[in-house]
Each structure stands twice: as structure tokens, then as C-alpha cells.
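Asks: got a sequence here, can you model it:
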Amino acid sequence: MEGDKSESSKDAGTIDSSSPYYIHSSEYPRQMDDIKNILFAKNQICFIDGTIVKLDEKLDLYMQWMRCDGMIKGWLSTTMEKDIRTSIKYANIVSEIWSDLEERFGKKSAPRAYELKQLLIMTRQDGVSISSYYTKLQTI
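Replies: Have a look, this model is predicted:
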């Protein structure tokens, strides 16, 4: 019995690289360009869509869950403008942040769609190069 316990606790500390709880030591927020695609590729999109819910503190994977959730919160916050970052800093878990961002900026948001249309209408080339103007339009 004693051998079984130590073997299982040894396995509990090792995370398979395909697990959503795996975070490589070289990962840091400056690598995030397209957060949703990267989280999908890393098998961690389940943290933002709520598929993996916050675990009970008594479970073995609780600390790994907290670590991943915290890391993804950091990645999200580094990709946001300061005003947006300030408005979500009190969210408890990353799925709450994501839900809030989708509600405010998702394609389903009529006010956001109106705002973007207005920006497009008001955008002018104003002497900048075609590639700069195109980039400005793509950004909107």
C-alpha cells in the first residue's frame, strides 16, 4: 500500500504535455498574438470557454488549474488596452473575463458593430501609403 501511495503522488506531479494543465517554462505573455488560436493549439481553450470549471481545493489538480487559469489571465491582460484591463481586473476566473469580453466586443454586440462601421466610414487615406491605409482598415 505504501508503495502505491508514493507512486500515485509521483504521477500526480507530472503533467503530460497534451494536458490542458501543461504550461511550458518558456511560455510568457509577450508570445500572445492571437490568444484564441494559441489557446486552441495548446489545448487550453477549455479554460476560457468554461469547459473546465474551477476545481475544488481538495482535488489533486486544483493547483495546476489555478496556475493555468492565472497564466491565461496574464496572457489576456497583456494583450488588452489599459482601460479594458482595468475593467476586468476583479474577475475571479479567466472564463468570466472571456465571457465579459465576448459580450462587449463579440460580433453579436450591436453597439460595437455600429462603432466599427462609424470608424470605417470616417477613416481616410489622408496621404499615407496604400499599405498603411490598408493596415488601418484591417485593424478596424
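Asks: now the longest helix belonging to the chain: buried residues?
Replies: Counting residues, the longest helix in the chain under DSSP state H turns out to be helix 62-78. Across helix 62-78, burial judged by 16 or more other C-beta atoms under 10 Å covers Q64, W65, C68, D69, M71, I72, K73, W75, L76, S77. C-betas here are computed from N, CA, C, even on glycine.
Asks: for E102, state which of these is nearest.
Replies: L76 (11.9 Å; C-beta to C-beta).
Asks: ok, that closest one to M122 distance?
Replies: 29 Å (C-beta to C-beta, to the nearest Å).
Asks: go on, L101?
Replies: Relative to M122, and taking C-beta to C-beta, L101 is found at 25 Å.
Asks: looking at the two, which is more packed in?
Replies: Remark: of L101 and M122, L101 carries more neighbours, 18 against 8, as counted by other C-beta atoms under 10 Å.
Asks: break the chain into its domains for me.
Replies: The record's domain parsing of the chain by automatic domain parsing lists 2-105, 109-140.
Asks: hey, least reliable of those domains by pLDDT?
Replies: Per-stretch mean pLDDT for the domains of the chain is lowest at domain 2-105 (a mean of 78).
Asks: for that domain, what is the distance to the chain centroid?
Replies: Here domain 2-105 is found 8 Å from its chain centre; the criterion is C-alpha atoms, centre = their mean, to the nearest Å.
Asks: brilliant, that's me finished.
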